[in-house]
Each structure stands twice: as structure tokens, then as C-alpha cells.
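Asks: predicted coordinates and the sequence they were generated for:
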Amino acid sequence: MLVMSVAQPVEVDRDVVDFAIVGKWMDEQGLPTGEFTGVAPLGGGTQNIMLRFTRGGRDYVLRRGPKHLRAKSNDVIRREARLLGALTGTGVRAPEVIAACPDETVLGAVFYLMEPIDGFNPQNELPALHAGDPEVRRQMGLSAVEGIARLGAVDYRALGLDDYGKPEGFLERQVPRWLGELESYAANDGYPGPSIPGVEQVGDWLDRHRPARWTPGILHGDCHLANMMFRYDGPQLAAMVDWEMSTIGDPLLDLGWQIATRPEPGTTGAALVGKLGEAGGLPTPEEMVAHYVRFSDRDLGDITWYTVLACFKLGIVLEGTHARAFAGKAPTQVGDFLHAITLELFEKAHRLIE
């Protein structure tokens, strides 16, 4: 029997993605056979690896954890693949999974194949159409809001995602969970401790004003505009990407996250969204809230609370890189940059609770 060999692309480390193994696995899934062509790495907002390629006349993107897997890398990719697979056909703007391999022993890491997204990331690119028209950029922001509203409206139970998260006590857990995370950064050698004014004050306010009633739903968890891709021919959202922090929780935190991370030209935080942050022209928080209610029946009376929680949570998450930089585990420049954003987020939180 003649066995076709699969050439390993020279630009891809075999220890990261062995195309002979991927090819055999794809054959077993009944996907088109043939040589791999057009192999190219794709950048992203995380250390996870993404490779685009063509095989048998079909285009794919392969996603797996980083070369040096972290403790939960495989679980994260496994969860992502499960969620994205469940969302197929719901109308939610998300990558479509073609096939997933939850068994890390096949390739050395869990991976999945998804349809390539025809769109651009506004952190790295802003086409002439979008750069030249502030109304197009305003509509981009509103389309992102519609995307998270539609996600929050999906019946996760009908998709078989009952055990995807633990919604019971979700809001009650947030402040102690993230204060505990902040305390854990002391394990980084050389870190002098968090120089963030008013952390405890913001936490106390969140505990005292926590909404009494809310409805669980799917939460993206990190839905700032750098984790969105938009169409080249208009302002429409093409897909929300980087679902690592997704869970079943309170979807209004996603709206709070969008408001908290809204790029304001001249701030350090605007740099998180690169080109789009520099250009500005995005909708106001009031416009974002008004647009959200067009696609959701959720009560937005406590949206300020969710925005403050987003500032609190994201600020603490970013401070983790600052702490790791002191121990030589992250570049000092990146740590300082993210610490500056943390300070801006807490300044915004203090303005909102005054």
C-alpha cells in the first residue's frame, strides 16, 4: 500500500504542530486530503498558537495552546472548542469549529480546526473605509455591543452547556476571588505589592451595591475591542475571538467590560485597541446601553455596578503581568504599560462610585 508522506512546513516547529499527525487525524475525521499549502501563523491576543493553512481545497485555522503549555492550557482549548461548537447555528458572531481533538496525546496538546474569519482586528489594522469615517467607527462599537447582547440572550441550557460554569453565587464570588488573585502576586520575587489606590474601597462598594437579581447566561469574559474582528466592507462585527475567559455567569459584565475598556484617545488604555483607539469616534456609554436593550430584555438599571466590576477585575488581571515583570517572567516595559492601564481603570471606577 502506498502511503503519502506529508511534508512539514519549514516555518512550523514539528514540536508545536506535526503536520503528519494532523494530516492523519484529519483523514480519520473525513476531511479533504492532500498536501498542506499556504501555511502561515496568525497573531492573536494570547500566547496560544494559531496557524492558517489550506488542504484539499478547504481553508482552515488550527488553534492550540502555547509551545510550553501552562497548567490549564489544554483545558482552556478544550472548553473553547466545546463552547464554539455549541454556538454554531445560533447567530452569535464567533469562529465556527470544523473539528476538535480533545485528546492531548494525539498532537501533544488539545487542538481544534475552525473556519478562517474574513475580517480584521482593529488593534492591528484599520482599513481606509473605517479610518476615514467616524460614523463607521461608531457603528463598529454598536455592532460589538449587539454581538455581546445576542450572546447573552442565548439559552445555554438548550445548547447542553449547563455544566460549562457555576452561575450560583457568581456575583458574590467576584470581589473575594479577585482580591485573592491580587494577594497571590506577592509570590513573585521583587514585587513590592500592588500600588493601586483604593482597591479595598472599590471592593467594598461592589459588595455593598451588588445587584440582588440577575439571570445567568454565556459570558465571553474578555470582550474588549481588541478581541473582536470586523468586516472589511463595513462596520459589522465579523467574530468575537479569544474565548479563554468564557463561562456561565452574568452577561451584563460583558457590557460593563465594553464600557470600561472603551478607548479614550490620549489615555494609555486606548493603546490596547491600537489603531481604533487612536482614531476614536466610538459610541458613548449611553449609546452603548441604549443599543444593548434593542437585543436584550435584561434590566440595565445596575450597569454602573457592572462597569465598576469590570474595571476592578481587569485592573487586577493586568496587574499580574506587572508583578511577573518584577520577577523577570515578563518584559518590564509591558508590565509598566499594563500597570498604567490598571491605574486608569481604578481611576474610572472611583469616578463612577463617587
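Replies: That came in fine, so what should we check first?
Asks: number of nearby residues for Met50?
Replies: Counted by other Cβ atoms under 10 Å, the residues lying close to Met50 total 17. C-beta: built from backbone N, CA, C; applies to glycine.
Asks: for it, give me its contacts.
Replies: Going by Cβ atoms under 8 Å, 6 or more residues apart in numbering, Met50 touches Pro41, Leu42, Gly43, Gly44, Val61, Leu62, Arg63.
Asks: ok, now with 7 Å
Replies: Pro41, Leu42, Gly44, Val61, Leu62, Arg63 (Cβ atoms under 7 Å, 6 or more residues apart in numbering).
Asks: out of everything not next to it in sequence, what's closest to it?
Replies: Leu42 (4.2 Å; Cβ to Cβ, 6 or more residues apart in numbering).
Asks: got the phi and psi for the one you found?
Replies: phi -110, psi 140 (degrees, to the nearest 10).
Asks: how would you label Glu17: helix, strand or coil?
Replies: Rather than Glu, residue 17 is Val. Following DSSP: H, G, I helix; E, B strand; the rest coil, Val17 is assigned to coil.
Asks: and the strands in this structure?
Replies: Under the criterion DSSP state E, the chain contains strands at 36-42, 49-55, 58-64, 97-101, 111-114, 217-219, 228-230, 237-240, 247-249.
Asks: the longest helix out of those in the chain packs against which elements?
Replies: As assigned by DSSP state H, the longest helix anywhere in the chain is helix 303-326. Applying 3 or more Cβ pairs under 7 Å, 6 or more residues apart in numbering; DSSP states H and E, one finds that helix 303-326 makes contact with helix 170-184, helix 199-208, helix 252-260, helix 332-353.
Asks: now the longest one against helix 303-326, angle please.
Replies: Right, helix 332-353. Interaxial angle, helix 332-353 versus helix 303-326 (axes from the mean of the first three to the mean of the last three Cα atoms, to 10 degrees): 160 degrees.
Asks: neighbouring contacts of helix 332-353?
Replies: Contacts to helix 332-353, defined as Cβ under 7 Å, 6+ apart, come from residues 196-198, 202, 205, 260, 267-269, 272, 304, 307-308, 311-312, 314-315, 318-319, 321-322, 324-325.
Asks: work out the gap between that helix and the centre of the chain.
Replies: Once both centres are worked out by Cα atoms, centre = their mean, to the nearest Å, helix 332-353 turns out to sit 19 Å from its chain's centre.
Asks: list the buried residues for it?
Replies: Neighbour-count burial for helix 332-353, counted by 16 or more other Cβ atoms under 10 Å, picks out 335, 337-346, 348-350, 352-353.
Asks: domain ranges for the protein?
Replies: Per automatic domain parsing, the domain ranges recorded for the chain read 19-114, 128-353.
Asks: let me have the helices and strands packed on helix 303-326 in TSV, extended by distance to Asp242 and mean pLDDT.
Replies: As requested, the helices and strands packed on helix 303-326 are exported to TSV (distance: least, Cβ to Cβ, whole Å; pLDDT from 0 to 100):
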stretch	distance to Asp242	mean pLDDT
helix 170-184	19	97
helix 199-208	25	98
helix 252-260	13	98
helix 332-353	16	96
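Asks: please indicate which of the contacts of Met50 are buried?
Replies: Val61, Leu62, Arg63.
Asks: now, among the residues you listed, which is nearest to Pro122?
Replies: Val61 (18.9 Å; Cβ to Cβ).
Asks: how about the contacts made by that closest one?
Replies: Here Val61 is in contact with Leu42, Met50, Arg52, Met114, Pro116 (criterion: Cβ under 7 Å, 6+ apart).
Asks: how about the contacts made by the nearest residue to Pro127 once chain neighbours are set aside?
Replies: Nearest non-adjacent residue to Pro127, counting by Cβ to Cβ, 6+ apart: Tyr232, 5.8 Å away. For Tyr232, the contacting residues are Gly119, Phe120, Pro127, by Cβ under 7 Å, 6+ apart.
Asks: please report phi then psi for the last one.
Replies: Dihedral angles phi and psi of Pro127 (degrees, to the nearest 10) take the values phi -60, psi 160.
Asks: and it, how many neighbours?
Replies: 15.
Asks: cool, the second one as well?
Replies: Phe120 is flanked by 18 other residues according to other Cβ under 10 Å.
Asks: and it, how close does it get to Asn188?
Replies: The gap separating Phe120 from Asn188 is 36 Å, by Cβ to Cβ, to the nearest Å.
Asks: the closest residue to Gly190 other than its chain neighbours and His220: what is the separation?
Replies: With sequence-adjacent residues excluded and distances taken as Cβ to Cβ, 6+ apart, Gly190 is closest to Phe326, at 3.9 Å. Phe326 sits 30 Å away from His220, going by Cβ to Cβ.
Asks: who's more crowded, those two?
Replies: Remark: of Phe326 and His220, His220 carries more neighbours, 29 against 16, as counted by other Cβ under 10 Å.
Asks: residue contacts, the more buried one?
Replies: Neighbouring residues of His220 by Cβ under 7 Å, 6+ apart: Ile148, Leu151, Met240, Trp243, Ser246, Asp254.
Asks: if we can go back for a sec, need the domains of the chain in TSV (columns: distance to Asp13).
Replies: Formatted as TSV, the domains of the chain follow (distance: least, Cβ to Cβ, whole Å):
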stretch	distance to Asp13
domain 19-114	7
domain 128-353	22
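Asks: to Gln8, which of those lies closest?
Replies: Taking the domains of the chain one by one with Cβ to Cβ, domain 19-114 is closest: 5.4 Å.
Asks: sorry, back to before: in TSV, list the helices and strands packed on helix 303-326 along with distance to Pro134.
Replies: As requested, the helices and strands packed on helix 303-326 are exported to TSV (distance: least, Cβ to Cβ, whole Å):
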stretch	distance to Pro134
helix 170-184	35
helix 199-208	33
helix 252-260	18
helix 332-353	23
